[in-house]
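Chemist: need a 3D model of the sequence below.
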Amino acid sequence: MLDLELLRSFVSVVDAGGFTRAGERVHRTQSTVSQQIKRLEDDVGQPLLNRNGKDVTPTEAGERLLSYARRLLALAEEARDVVARPESEGAIKLGIPEDFAAYRLAKLLATFARSRPGLRLDVRADQSTYLKRDIERGDLDLALLKRDAGEKGAIAVWPERVHWVASKTHPLDISSGSVPLIGFPAGCLYRSRAIHALESAGRSWHMAYTSSGLAGIQAAVAAGLGLSILSEIAIQPGHRVLTAKDGFAPIDKTEIALMASPDASPATLRLADRLAEFCDSVDAKAA
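Modeler: Sure thing, here's the model as predicted:
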């Protein structure tokens, strides 16, 4: 059984590059830290550090142990955190857009919920218009929503890439006549953008398919029922992106915004951190 205090001193020595600075980090004297490293080396039966004057570097065995030591210390910290929490941490009311990386976002939320058994998540997928309204009037603790680029009031924002899309295998004759639109119900930012773009270009339009779910919109586009506006991460292999050459100018910029209530709890802010990391990763992959 490896002693966590010995592992903590070992990691500190490697990170600090010496026994004196490591002792300051773990609040031990240099000699105490040196004795702890000797005990750890005896436990594993291998020299773990190369000592060259004041400079200290891990041996090959030390490098192998280092990653395990970090993981064990992190796990111990997590265990202490869980045990120290009150049995009930209350609830977090979270609002998310239904069409934003739904599967991966659901996995993140499930992992977060499992790590905090005393916390109850109340998640609602809805149109961003309603999410913004509810976070502003206090009906939500945290919201991830879509909005016009440049608006104020958010923990963090990420640019969103949106495109006109049509069916790849069922082309439509949209050179003249009314443009068939596919989209979410009235109030959706994308729907408003599509209508505004067409009317600004002097083109007539009609709603050919309305769905409150992303899957229905994606299927309708692929089947050739009409055109839609989708974010880059929601475009599927059966869709074709329309450009200015097709007569469809780029859509005005939108963004993903993470908003929290003014009196957000520590658990809410912890979830906000996880969502920010998630959005960073999604934005990096889309770039």
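
Chemist: let me see the ranges of the strands in the stretch 51-200 of the chain.
Modeler: For the stretch 51-200 of the chain, applying DSSP state E, counting those that start in this stretch gives strands covering 55-58, 90-97, 119-126, 142-148, 156-160, 162-167, 179-183.

Chemist: pipe these into a markdown table and attach distance to residue 33 and mean pLDDT per row.
Modeler: Glycine gets a C-beta too; all of them are placed from N, C-alpha and C. Shown next, in a markdown table, are these (distance: least, CB to CB, whole Å; pLDDT from 0 to 100):
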| stretch | distance to residue 33 | mean pLDDT |
| --- | --- | --- |
| strand 55-58 | 10 | 86 |
| strand 90-97 | 41 | 91 |
| strand 119-126 | 38 | 90 |
| strand 142-148 | 43 | 93 |
| strand 156-160 | 40 | 89 |
| strand 162-167 | 56 | 94 |
| strand 179-183 | 64 | 95 |
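
Chemist: nearest residue to residue 278 other than its sequence neighbours?
Modeler: residue 108 (5.3 Å; CB to CB, 6 or more residues apart in numbering).

Chemist: show the contacting residues for that neighbour.
Modeler: 274, 275, 278 (CB atoms under 8 Å, 6 or more residues apart in numbering).

Chemist: thinking again about what came up before, how about the strands of the stretch 51-200 of the chain, which one is nearest residue 222?
Modeler: Closest to residue 222 of the strands of the stretch 51-200 of the chain, according to CB to CB: strand 162-167, at 5.6 Å.

Chemist: and the angle for that closest one with strand 179-183?
Modeler: For strand 162-167 against strand 179-183, the angle by axes from the mean of the first three to the mean of the last three CA atoms, to 10 degrees is 110 degrees.

Chemist: what helices and strands are in contact with strand 162-167?
Modeler: Applying 3 or more CB pairs under 8 Å, 6 or more residues apart in numbering; DSSP states H and E, one finds that strand 162-167 contacts helix 189-200, helix 214-223, strand 228-231, strand 239-242.
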